[in-house]
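Novice: Quick one, structure for this:
(3 chains)
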Amino acid sequence: MKTILYWLLQVAAALLLAPLPIGAIRKVKALVQKRKGAPLLQLYRDLLKLLRKSAVVSDATSWVLRAAPFVVFATSLFAAAMMPATVRVLPDAFPGDLILFFFVLALGRFFLVLSGMDAGSSFGGMGSAREAMISALVEPAMLVGLFAVGLFAKTTSIPGVLAATSALGFPLLQPSLLLVFLALVLVLLAETSRIPVDDPATHLELTMVHEAMVLEDSGRHLALLEYGAALKQYALLALLADVFLPYDPFAAVPGVPGVLLALVAFAVKLLFLSLLVGAVEAATVKLRFFSVPNLAAIAFILSFLGVLQFLIPGR
Amino acid sequence: MEPFSVVLSALLLLSAFVLMASKRIHSYIGAFRVQAVLVALNTGLLGLTTVAATGRVDLLVVCAAILALKVWYIPRVLHRTYRAVEYRVEKDFLFNIPTLVLLSLSLVVVVFVAVSRIGAVQDGTTLVLLVDSLSTALVGLFFLISRKKAIGQIVGLLAIENGLFVTALYASNGMPFIVDIGVFIDLVSAVLILGVLVFRIESAFETTDTDAMSDLKG
Amino acid sequence: MELLLWLVPIVALAVLALPLPRRVRHAVSLAETLATAAVATFATWTVLTQGTAAPAMPGNLFYLDAVSVILLDLVALVGLLTSLYTIGYVEEEIRRGSLDPKKVRALYLLIHGFLFTMVLTLTLRNLGGVWIAIEATTLASVFLVGFHNGKAALEAAWKYIILCSVGITLAMIGIVFLNSAAQGVLAEGTSLDWTALFARADSLDGSYLKFAFIFLLIGFGTKAGLAPMHNWLPDAHSQAPSPVSALLSGVLLNAAMYAILRTAAIVNRNLGSSLYTGRLLVGLGVLSVATAAVFLLTQKDYKRLLAYSSIEHMGLAAIGIGLFTPLSLFAAFYHMINHSLTKSLLFLSSGTVLQKTGTREIGRVGGLLKLLPVTGPVFLLGLVAIGGTPPFSLFASELALLTSVFQQKLYVLGAGIALLLALVFAGIIQALFRVFYPRPAAVAAARAGTAPAPAAPLVPGEPNRFGAVAVVVLLALILVTGVFLPSWLTKLIDAAQTILTGQGGG
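Specialist: Here you go, the predicted model:
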């Protein structure tokens, strides 16, 4: 019973909160650039509009193109739901796992890359090739980073990890966690097509990555893909917020009001991290594609140093 | 104090990697300055602890010297030298940057293995501190080897010295005062001399690429 | 009284900084080295009679015992003869137009600063201080190496300062770990004191010391020119003005060796055997001799030839220190003395040769015995001596070293060293024949081909009379010490050896 309640709560939180960080990041960028920018909730409206429209699907494509939006959406939602929005309600069974989290996201990306190539258009193929290269470069960093967290907590079960880091008080004072945090921020930028790696706002075909892959999709399919991307970003932000900023200012408030307050606190953490990402985006320029390996190397170094910092004292 | 030292040491090591990964002379100097700030913070922290414990202020004096020399004066000299020479970006390295960075990572592992064989270092925290600071020095050495422009080599030398100084701090709460000060005087004169040499090399070779200096062989 | 060793150079430096006529500068320089030599003699006498010389002063920084006084005497002696040589050298350079008279002041200031830092290295009690002084020797001599400001000289200077500074920084890591080994064992403030470290060596932590020694050996070994860290040495020694080459090769290398000697003694005493340091030192030593032998065989530049020979002899000294038996230490000291004298003789006379013929190339010199009636034959004999031929002193010390190797029953090592020495000998003798008995056609062709023909044909005669005196004195010294060691010197070396092995009270 508790398990069902937990997952319902998680799915609801994920669906509701996922488009929020993207709106926040866009707003921050707009403000930095002295523009007014779109309203904070614009993405919600876009998604609703797209969901109401039917999809146009080319005859030249296979089932992959039609299945991909659903797979991407489902995997992202699953990953997002694995990251607890609050630890007040915890399930008895199957609490979610860091390694599973990683591979569920990888499955979604696999389908996304396939669908980009399915129509046989040159841009889709380019986007897929780039996405595959970026992810191949960034995944080691992410996996090693998650291992570091797992080593630290002595478990990869997500609530277990949360319990271990929130017991620390201020986890970023642990050198290993600090380095992993920095690594995961870089991973987040690369994985969610943010600026040093990809430009989410561009429609210049030669430079886009994510946008190029979804060129063939429209209507409801596009809505699912965009929603999926938002959920993936939400999942990664929630990972950072849960593991590295495990504060609950309303720990003393019991019952349903407590849960709601904790959810608000969680949303504030997400907004804070979005601000951070927005600031990074506003302050940097897009890297040349062939400089991406440098960024990935740095992310990997950070993760690996994090593991070392953890292992060294224990010999 | 200890958790702060550990974090600072990790950041110090990180700054060495940032140095290793940067391409522009400008960012070398910037990364070095950040590193120097971290060294100063470390010294200051330890200095405050010793003042509280024994009343000795020499570490605070050293900290002030670091702030004055490494954070302010030496970067300024380097910037001046940099403005006077013609290049801005280093293009060719020993290997490409990701390879260099990964090799530096393996250096850290080597240091870890070597230091953990010192029987006297029993305490885990000390071990981390020593591994971090010593790796900073060795990554600096590797940086020096991998760069071919004269300013890069100067920065490498300074980075080695940074790592070394912090190693001294962690290993034994700093060296005897007179040694610390003597090391500083040596360091500053070395940087000044190197700066003068860079100008002379520039005018003689019309480049500061040390690869151009290959007349002397055998 | 011994503190005059520090005061004299400081006063001299202050005087040399004043605007003075050139003749006065020459006089001040000579007077400074004479005074240093006199004080060094006095210090030697004190050490001979009292064992150590450590006059009271604030901080107790000054310390001399038999180990350091031997090398200090070398600094004083070579310094004296070099400054004598420099007078004639400078005058001749100015006459030939290759030295701006305005730069004489800088040259003298740097040379005396360099000498002072070497004296400091040998007289400081504190290992940290020694480190500072050794780094200061680099800083003081880098502009001497690059003195001519040509491309090659600047390249040599850059290599010299970068490699030596990096090396010395690595040595600092070693010192840091030595210092932390001493924490808690030695009193605050004496944690890097040679004597204190040595006296309490047994209670230090061996694992720290082992770790520290590797870094110290790499660091000071760079400065001592041991392969594979020797890259800077041939360049610096060949590009520097000849009197400076003599100082670099003759005494600076010894100063670096001195630091290795002291630290090796501490580590050996702690570990109870010389196996650990021995393996490292003998390994580097053999590698140095081998590297030098290869480059000696194919060398075309006679100053580089001499530089590589320095690497070889430092390698031999390192082997002697590595074995760490009484006989091998005796041989190492004796060898360092002989090498200093012979090598400074050679560099000084090569400077005269360079001034006379204007070329560094072995194949182009030719006719030296006629051109330089005094320096020519001395140079010839010096080359014979550096190859390790009797009756010169290097033969005696090499023999002592080989004996000590065989005494330890290290037959393979001994045979290897003997073979390498034969190769070195072959290289040097080959060069010697090309210098002194060239095929006239080859010289003529070489002169006509690439070099502009000298304005006037070279006339026989000594360009540097002071220099001729200096090299003749050195030749006499190596001849005498080759056949006969004065008893005070034997006593001094024995005392040094006893101090290092810690036998007989230390």
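
Novice: So which residue is smack in the middle of chain B?
Specialist: Taking Cα atoms, centre = their mean, the centroid of chain B lies closest to B:A159, which sits 1.4 Å from it.

Novice: That one contacts B:F142, correct?
Specialist: No - contact criterion Cβ atoms under 8 Å: B:A159 and B:F142 do not qualify, at 9.7 Å. All C-beta spots, glycine's among them, are computed from the backbone N, C-alpha and C.

Novice: about what we covered before: what strand or helix carries the residue nearest to the centre of chain B?
Specialist: In this structure, B:A159 sits in helix B:150-172 according to DSSP states H and E.

Novice: quick one: whichever helix or strand comes after that helix to chain centroid distance?
Specialist: Remark: after helix B:150-172, the chain's next helix or strand is helix B:177-205, criterion DSSP H and E. Counting by Cα atoms, centre = their mean, to the nearest Å, helix B:177-205 is centred 14 Å from the centre of its parent chain.

Novice: List the buried residues in helix B:177-205.
Specialist: Across helix B:177-205, burial judged by 16 or more other Cβ atoms under 10 Å in any protein chain shown covers B:178-184, B:186-188, B:190-191, B:193-195, B:197-198, B:200-202, B:204-205.

Novice: Skipping adjacent residues, who's closest to A:F152 in space?
Specialist: Distances taken as Cβ to Cβ, 6 or more residues apart in numbering or on different chains place A:F310 nearest to A:F152, at 5.7 Å, with adjacent residues excluded.

Novice: list the contacts for the one you found?
Specialist: By Cβ atoms under 8 Å, 6 or more residues apart in numbering or on different chains, the residues touching A:F310 are A:A148, A:L151, A:F152, A:S176.

Novice: farthest-separated two in those?
Specialist: With distances taken as Cβ to Cβ, the most widely separated pair in those is A:L151 and A:S176, at 8.2 Å.

Novice: So for these two, which sits in the more crowded spot?
Specialist: Neighbour count, other Cβ atoms under 10 Å in any protein chain shown: between A:L151 and A:S176, A:S176 has more, with 25 against 16.

Novice: mind checking how far the more buried one is from chain B?
Specialist: Distance from A:S176 to chain B, counting by Cβ to the nearest Cβ, to the nearest Å: 8 Å.

Novice: and that residue, what helix or strand is that in?
Specialist: helix A:175-191.

Novice: residue contacts, C:T86?
Specialist: The neighbours of C:T86, taking Cβ under 8 Å, 6+ apart as the test, are C:H26, C:S29, C:L107, C:Y108, C:I111, C:P243.

Novice: and if we set it to 10 Å?
Specialist: Listed by Cβ atoms under 10 Å, 6 or more residues apart in numbering or on different chains, the contact set of C:T86 reads C:26, C:29-30, C:33, C:93, C:104, C:107-108, C:111, C:241-244, C:246-247, C:348, C:351, C:464, C:466-467, C:470.

Novice: Next, the residue positioned nearest the centre of chain A: secondary structure please.
Specialist: With distances taken as Cα atoms, centre = their mean, A:Q233 lies nearest the centre of chain A, 2.6 Å away. Assigned by DSSP: H, G, I helix; E, B strand; the rest coil, the conformation of A:Q233 is helix.

Novice: Can you pull out the low-pLDDT segments for the stretch 101-250 of chain A?
Specialist: Residue ranges of the stretch 101-250 of chain A with pLDDT under 70: A:202-206.

Novice: Point me to the residue of it nearest chain B.
Specialist: Chain B sits closest to A:P175 of the stretch 101-250 of chain A, with a gap of 3.4 Å, by Cβ to the nearest Cβ.

Novice: count of residues packed around that residue?
Specialist: A:P175 has 27 nearby residues by other Cβ under 10 Å.

Novice: Okay, and whichever residue of chain C sits closest to chain A sits in which element?
Specialist: Closest to chain A within chain C is C:S207: 14.6 Å, counting by Cβ to the nearest Cβ. If you go by DSSP H and E, C:S207 is part of helix C:206-224.

Novice: and that helix, how far out from the chain's middle?
Specialist: Counting by Cα atoms, centre = their mean, helix C:206-224 comes out at 20 Å from the chain centroid.

Novice: swap in stretch B:205-218?
Specialist: Averaging C-alpha positions (Cα atoms, centre = their mean) puts stretch B:205-218 25 Å from its chain's average.

Novice: buried stuff in it?
Specialist: Residues B:F205, B:T207, B:T208, B:D209, B:T210, B:M213, B:L216 are the ones in stretch B:205-218 that count as buried (16+ other Cβ under 10 Å).

Novice: Next, format those as TSV and append distance to chain C and pLDDT.
Specialist: Below are the buried residues of stretch B:205-218 laid out as TSV (distance: Cβ to the nearest Cβ, whole Å; pLDDT from 0 to 100):
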residue	distance to chain C	pLDDT
B:F205	6	77
B:T207	11	70
B:T208	10	68
B:D209	12	72
B:T210	7	73
B:M213	4	71
B:L216	4	72
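
Novice: shared neighbours, A:L151 and A:S176?
Specialist: Contact criterion Cβ under 10 Å, 6+ apart; residues shared by A:L151 and A:S176: A:G306, A:V307, A:F310, A:L311.

Novice: Give the closest residue to the residue of chain B found nearest chain C in space, chain neighbours not counted.
Specialist: Nearest residue of chain B to chain C (Cβ to the nearest Cβ) works out as B:V179 at 3.3 Å. Leaving aside its sequence neighbours, B:V179 sits nearest to C:G128 (Cβ to Cβ, 6+ apart; 3.3 Å).

Novice: From B:A168, how far out is the one you found?
Specialist: Distance, C:G128 to B:A168, by Cβ to Cβ, to the nearest Å: 10 Å.

Novice: Around chain B, pick out the residues from the stretch 151-300 of chain A.
Specialist: For the stretch 151-300 of chain A, the residues in contact with chain B (Cβ under 10 Å from any Cβ of the partner chain) are A:170, A:172-179, A:182, A:291, A:293-298, A:300.

Novice: Please, a PyMOL command that selects the buried ones among those residues?
Specialist: Command for PyMOL that selects the buried part of these, burial taken from 16+ other Cβ under 10 Å:
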select buried, chain A and resi 172+174+175+176+177+178+179+182+293+294+295+296+297+298+300
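
Novice: just the residues of the stretch 151-300 of chain A next to chain B that are near chain C?
Specialist: Within those, nothing lies near chain C by Cβ under 10 Å from any Cβ.

Novice: circling back: in terms of helices and strands, where is the residue nearest to A:F152?
Specialist: helix A:292-314.
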